[in-house]
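>>> Quick one: sequence and predicted model below, then my questions.
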Amino acid sequence: MYDIYMKNLNIQGTGAVVAAPDHNTPGGSYFFHWMRDGALSMDVFMDLNDMAYAKIKDNMTAYQGWVKLTQSQHDDNNDVRIEPKFEIPSGKPYTGGWCRP
């Protein structure tokens, strides 16, 4: 189970955490990084590895870089600091429709 979990972290070396790595998820692709879910996943990653720096360093450094990338994007319509959903691998805010105003 741990190996499957790890396949969702640091996608394509970006630091992103993918919601579902399969582009053919029933109901539509879920190949996106969701900010809250990514943060929770990385928290669990640290717990699973007993906060051992040597074990978590590479993935945490990549994740920190991803957050910095996404939070520094420009969007004329929204403040990216409150944007929950991002494209992988670009880190651009998701602009498609998904039940929000």
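Ah, there it is. Numbers count the residues shown, from 1 in each chain.

>>> Provide the contact partners of stretch 59-74 at residue level.
Identification of contacts with stretch 59-74 by Cβ atoms under 8 Å, 6 or more residues apart in numbering yields 9-10, 13-17, 33, 35, 38, 42, 45-46, 80-81, 83, 86, 91-93. Placement of C-beta: from N, CA and C, glycine included.

>>> 7 Å instead?
9-10, 13-16, 42, 45, 80-81, 86, 91-93 (Cβ atoms under 7 Å, 6 or more residues apart in numbering).

>>> Compare those and tell me which has the most neighbours.
residue 16 (29 neighbours; other Cβ atoms under 10 Å).

>>> Just the pLDDT at the closest residue to that one other than its chain neighbours, thanks.
Leaving aside its sequence neighbours, residue 16 sits nearest to residue 33 (Cβ to Cβ, 6 or more residues apart in numbering; 4.2 Å). On the pLDDT scale, residue 33 is placed at 95.
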